[in-house]
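In: Here is a sequence with its predicted model. Questions after.
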Amino acid sequence: MTDTLARLEQTIAARRGADPASSYVAKLTARGVGKIAQKVGEEATETVIAALSGEAHDLVGEAADLLFHLMVLLGAKDVPLAAVMAELDRREGLSGLAEKAARKPD
Ligand SMILES: N=c1c2ncn([C@@H]3O[C@H](COP(=O)(O)OP(=O)(O)OP(=O)(O)O)[C@@H](O)[C@H]3O)c2ncn1[C@@H]1O[C@H](COP(=O)(O)O)[C@@H](O)[C@H]1O
């Protein structure tokens, strides 16, 4: 799963400077961070709508669009996927500590 996102990160990095006529990543990147962020917002909204009123396969499609555009945004801001994964790992560790503390006898 993480491998898929890691491969996508590499593909996006490789395509960013390609010809916008042949690459959606290049075309979107050329329009700037504001446009990329706007696309993330739109895809997030479409994901919410699919979750509330669509079929499961609609949600899968919209979630894929959202993740893809989020990856383009991270790339445009030079934020590596590894940094996001590390933050999730850190939170997982925190939640483990909280669980241990809760289980600790008085
Ligand atoms: N995962 C995706 C992916 N998901 C969605 N999309 C594109 O995202 C676009 C979203 O469509 P929209 O109608 O929302 O956007 P739009 O038509 O540009 O309209 P605007 O809102 O921008 O005006 C479509 O053109 C989809 O093809 C993607 N384009 C590329 N990828 C990945 O990126 C790789 C590199 O793609 P290229 O840069 O095109 O080579 C591909 O091999 C894929 O792995």
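Out: Here it is on my side, so go on. Keep in mind that what you see is a predicted model, and the values were worked out from it rather than measured.
In: Near the ligand, which residues of this protein are found?
Out: Proximity of the chain to the ligand, by C-beta under 6 Å from any ligand atom, involves residues 8, 11, 15, 23-26, 65, 68. For the C-beta atoms, the positions are set from N, CA and C on the backbone; glycine is no exception.
In: which residues are in contact with the lowest-mean-pLDDT helix or strand in the chain?
Out: Lowest on mean pLDDT, DSSP states H and E among the helices and strands of the chain sits helix 81-103, with a mean of 84. When contacts are defined by C-beta atoms under 8 Å, 6 or more residues apart in numbering, helix 81-103 is touched by residues 2, 5-6, 9, 71, 74.
In: In CSV, list the residues of the chain next to the ligand along with secondary structure.
Out: Formatted as CSV, the residues of the chain next to the ligand follow (DSSP: H, G, I helix; E, B strand; the rest coil):
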residue, secondary structure
8, helix
11, helix
15, helix
23, coil
24, helix
25, helix
26, helix
65, helix
68, helix
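In: Find the pair from those with maximum spatial separation.
Out: Across the residues of the chain next to the ligand, no pair lies farther apart than 26 and 65, at 17.8 Å, counting by C-beta to C-beta.
In: Let's verify residue 18: helix, strand, or coil?
Out: Residue 18 is classified as coil under three-state DSSP.
In: That one contacts residue 24, correct?
Out: No. Using C-beta atoms under 8 Å, residue 18 makes no contact with residue 24, being 9.6 Å away.
In: just to revisit the earlier point, tell me which of the contacts of helix 81-103 is nearest to residue 49?
Out: Of all the contacts of helix 81-103, residue 49 sits closest to residue 71, with 21.3 Å by C-beta to C-beta.
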